[in-house]
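Q: Need the 3D shape of this:
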Amino acid sequence: MKDNINNNDKVTLEELELPQDLKKLTLNQCSALCKEIRNVLISTVSKTGGHLASNLGAVELTMAIHRNFNSPEDKIVWDVGHQAYTHKILTGRLDRFSTLRQEGGISGFPKPEESEHDTFISGHSSTSVSVACGIAEAMKLQGKDNYAVAVIGDGAMSGGMFYEAMNNCGRDKQRNLIVILNDNNMSISKSVGSVSKYLTSLRNTEKYLHTKRAVERGLERIPLVGTSVAKGIKNVKDSVKSNILEQSTMFEDMGFIYLGPVNGHSLSELEEVIHMAKSYHQPVFIHVKTVKGKGYIPAEQNPGEYHGISKFDIATGNPEVAPADSYSTVFGKELVRLAEKDDRLCAITAAMKYGTGLQFFHFKYPDRFFDVGIAEQHAVTFAGGLASMGMIPVFAVYSTFLQRAYDQLVHDVAIGKLHVVLGVDRAGIVGEDGETHQGLLDVPMLTSIPNTVVFSPSCYSEMKMCMKKAIYDEKGLTAVRYPRGAEKVDFSEFHLTTEHLFIREEDSDILIITYGRLYNEAYKAQQALKAEGIKCDILKLTRIFPLDDDLGDEISGYKRIIFFEESEGEGSISEKVGDILSELGYCGDYSRITAHGFVKQASVRSCLEKLGLTDVKMADYIRNRSKNNGKA
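A: Predicted structure coming up:
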């Protein structure tokens, strides 16, 4: 940046050293940069996909944070991290922003290995206050006077972890901890329950708070006595506040100083309230109101649809891919069809009504539809309560978010053998959202729980079969897991089953085992190898857990067995099959191709290819294994 820039000069993002140069600019110059940032966000996400609406709403807030705090010495924690795109732009990643969510590019979430300004990984909700509290405590122990700032969305406040952290953090008045609520009156699905109503009541106090700030500013301008008068009327102010609001806020009851609500698109208001919060040197809660999708009309009008979106046309706002063609939509519509004949069926979501396809159920049977907010733990135990009374609850949840409810699955469902059905959406590789969202741990997690049954269908028709069996034929905790996106099927309807199925070639001594969408890849690999004279049988598992008792005997006669699995290897089905073969004294060649560790962002196809789970890679592996006598 030019050393002697005039306050009236127009500046662009490219000519600035970010974030430090932001402090040298006027508010008008920063407002102009906010418009430029919105253009960058819209242009980039239209090409890469990603989280658009939440980021458009947080532009001025992010600008104000970086103008008034000193990152990375001050630690900024984003909750959920999908509202941190502007943060990435303002911390030196503008030149790489076009690579957002792309293979080898920058992550769609904060990632400390990517930048020193990314304090903490945050792909799941409701964690920021706990993180910031720990950071603030560490700073105090280390004798540092920096700030820990947690930026949390109103949807994340429906998660119980937020309240656990608030209750703990507010007790210590000596922490430089500031929690900023980005309140856009909408989580991924519309905010529900008492928290939403409570925030609405707080929003109605805005006139009072504007008046309070105006009086404080006026008193500060009075020479000599202004500050003393301001302190002297504090008790009176608190009394007036009590009379106007009739009660303290719950945040104050937890030990925080509450400031707000303020206009989250006014840089002057934001900077004023942040300056005030910093002056306290104790836990402060700032309530900021924003508009989700701000600055792009399609996103403002449909913020839920533009929360996480694929590529789209900027002029029309239309996504390139019709969402109707997806496992989620088929699951949601099939659940409605089953519910037409059974009033015991209930549907549960954790703030993901549209993402999981349950909007159809909500429209048709609102009394049997429950959106519990971002509270997966509550969702599972709530489902257990419904099941204990003879209802049949179906909880549709992303694989990566189900991880948050492991204890509840064990303690509140499986031990009591309660019949709860899980629709495990986004199972397996999800692609561009990266490590925090890949669904590679649900199989090891669920199969570690006794009294659990897991289905993994290979196409839409098989999923419908599995849903019916899971709902009506099984008794305990039952999961139907399915991937993100649409089915890709080259095999015929004769290959469908809810159990396991052998696809045999005459005189084959090679067996491929797999399940889920990988069956289509294995089928194509089998056909390619067959054309070369290499015969392979396929064992397609559909009910992947528990495994049939006679499975070991059925497969132990093969000379070579290869298991291809879209799951973390440790605790996987392929590991369990290996244990069975070992117990039988199997002397042939058994190998398994799985994920090992966390998988970074890239397209789904690229991720699968890197893992060796595409048809071409499967055929190559089998071909090489056969040539090299069991060595890949």
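
Q: Quick one: the helices in the stretch 401-550 of the chain, in order.
A: Using DSSP state H, counting those that start in this stretch, the helices of the stretch 401-550 of the chain run over 406-408, 442-446, 460-472, 518-531.

Q: Just the residues contacting the last one, thanks.
A: This means helix 518-531. 458-459, 488-491, 495, 503, 505, 512, 514, 535-536, 538, 540, 564-566, 608, 613-616, 618-619, 622-623 (CB atoms under 8 Å, 6 or more residues apart in numbering). For glycine as for every other residue, the C-beta is placed from the backbone atoms N, C-alpha and C.

Q: Quick check: can you list the domain ranges of this protein?
A: Domain assignment for the chain by automatic domain parsing gives 13-206+249-298, 327-481, 495-627.

Q: Let's have those in a markdown table, adding mean neighbour count and mean pLDDT.
A: As requested, the domains of the chain are arranged in a markdown table below (neighbours: other CB atoms under 10 Å; pLDDT from 0 to 100):
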| stretch | mean neighbour count | mean pLDDT |
| --- | --- | --- |
| domain 13-206+249-298 | 20 | 89 |
| domain 327-481 | 21 | 96 |
| domain 495-627 | 18 | 96 |
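
Q: Quick one: closest of the ones you listed to Asn7.
A: Taking CB to CB, domain 13-206+249-298 is the member of those nearest to Asn7, at 4.9 Å.

Q: so Arg67 makes contact with Glu271?
A: Yes. Between Arg67 and Glu271 a contact is recorded at 6.6 Å, counting by CB atoms under 8 Å.

Q: Might you quantify the distance of the biggest helix by length in the chain from its chain's geometric centre?
A: Counting residues, the longest helix found in the chain (DSSP state H) is helix 27-48. Distance of helix 27-48 from the chain centroid (CA atoms, centre = their mean, to the nearest Å) equals 24 Å.

Q: now do stretch 568-575
A: On the basis of CA atoms, centre = their mean, stretch 568-575 sits 24 Å off its chain's mean C-alpha point.

Q: gap between the two ends of it?
A: Length of stretch 568-575, first residue to last, CA to CA, to the nearest Å: 10 Å.

Q: Now do the longest helix of the chain: which elements does it pack against?
A: Counting contacts by 3 or more CB pairs under 8 Å, 6 or more residues apart in numbering; DSSP states H and E, helix 27-48 packs against helix 53-56, helix 59-68, helix 85-88, helix 267-280.

Q: could you give the angle of that helix to helix 59-68?
A: Between helix 27-48 and helix 59-68, the angle comes out at 120 degrees (axes from the mean of the first three to the mean of the last three CA atoms, to 10 degrees).

Q: just the CA coordinates of helix 27-48, formatted as CSV?
A: Only the C-alpha atoms of helix 27-48 are listed here, as CSV (Å, rounded to 0.1, in the frame of the first residue of the first chain):
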residue,chain,number,x,y,z
LEU,A,27,-14.8,3.8,7.1
ASN,A,28,-15.8,4.9,3.7
GLN,A,29,-12.8,3.2,2.1
CYS,A,30,-13.6,0.0,4.1
SER,A,31,-17.3,0.1,3.0
ALA,A,32,-16.1,0.2,-0.6
LEU,A,33,-13.8,-2.8,0.1
CYS,A,34,-16.9,-4.6,1.5
LYS,A,35,-18.6,-4.3,-1.9
GLU,A,36,-15.5,-5.6,-3.6
ILE,A,37,-15.4,-8.6,-1.2
ARG,A,38,-19.0,-9.4,-1.9
ASN,A,39,-18.2,-9.5,-5.7
VAL,A,40,-15.3,-11.8,-5.0
LEU,A,41,-17.4,-14.1,-2.9
ILE,A,42,-20.2,-14.3,-5.5
SER,A,43,-17.9,-14.7,-8.4
THR,A,44,-15.8,-17.4,-6.7
VAL,A,45,-18.6,-19.5,-5.1
SER,A,46,-20.5,-19.5,-8.4
LYS,A,47,-17.5,-21.4,-9.9
THR,A,48,-16.4,-23.5,-6.9
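
Q: Asp342 versus the closest residue in space to Val372 that isn't next to it in sequence, what's the distance?
A: In this structure, Val372 finds its nearest non-sequential neighbour in Ala379, 4.9 Å apart by CB to CB, 6 or more residues apart in numbering. For Ala379, the distance to Asp342 equals 21 Å [CB to CB, to the nearest Å].

Q: Kindly report the same for Leu511.
A: 39 Å.

Q: What residues does Ile449 make contact with?
A: 409-410, 414, 477.

Q: again, but for Gly588
A: 556, 558-561.

Q: before we move on, what about Val397?
A: 349-350, 352, 356, 376, 379, 422-425.

Q: dump the residue contacts of the closest residue to Ile573 other than its chain neighbours.
A: The spatially closest residue to Ile573, leaving aside those adjacent along the chain, is Ile544, at 5.1 Å (CB to CB, 6+ apart). By CB under 8 Å, 6+ apart, Ile544 lies in contact with 443, 447, 454-456, 515, 573.

Q: let's go with 7 Å and repeat that
A: 454, 456, 515, 573 (CB atoms under 7 Å, 6 or more residues apart in numbering).

Q: Output the helices and strands packed on helix 27-48 in JSON lines, with distance to Glu14 appended to each entry.
A: Converted to JSON lines, the helices and strands packed on helix 27-48 look like this (distance: least, CB to CB, whole Å):
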{"stretch": "helix 53-56", "distance to Glu14": "20"}
{"stretch": "helix 59-68", "distance to Glu14": "16"}
{"stretch": "helix 85-88", "distance to Glu14": "15"}
{"stretch": "helix 267-280", "distance to Glu14": "21"}
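
Q: Against Ala396, how distant is the closest residue to Thr447 other than its chain neighbours?
A: Excluding its sequence neighbours, the residue lying closest to Thr447 (CB to CB, 6+ apart) is Phe545, at 4.6 Å. Counting by CB to CB, the gap from Phe545 to Ala396 is 19 Å.

Q: thinking again about what came up before, so what touches the longest helix of the chain?
A: 10-13, 22, 52, 55-56, 59-60, 63, 85-86, 89, 97-98, 100-102, 267-268, 295-296, 309, 311-312, 314.

Q: and the angle from that helix to helix 267-280?
A: Using the same axes, to 10 degrees: helix 27-48 against helix 267-280 is 100 degrees.

Q: Find the nearest non-adjacent residue to His87, please.
A: His87's closest residue in space is Thr62 (CB to CB, 6+ apart), at 5.3 Å.

Q: related to what we said a few turns ago, possible to save the contacts of Ile449 as TSV with distance to Gln29?
A: Output for the contacts of Ile449, formatted as TSV (distance: CB to CB, whole Å):
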residue	distance to Gln29
Leu409	52
Val410	55
Ala414	58
Leu477	57
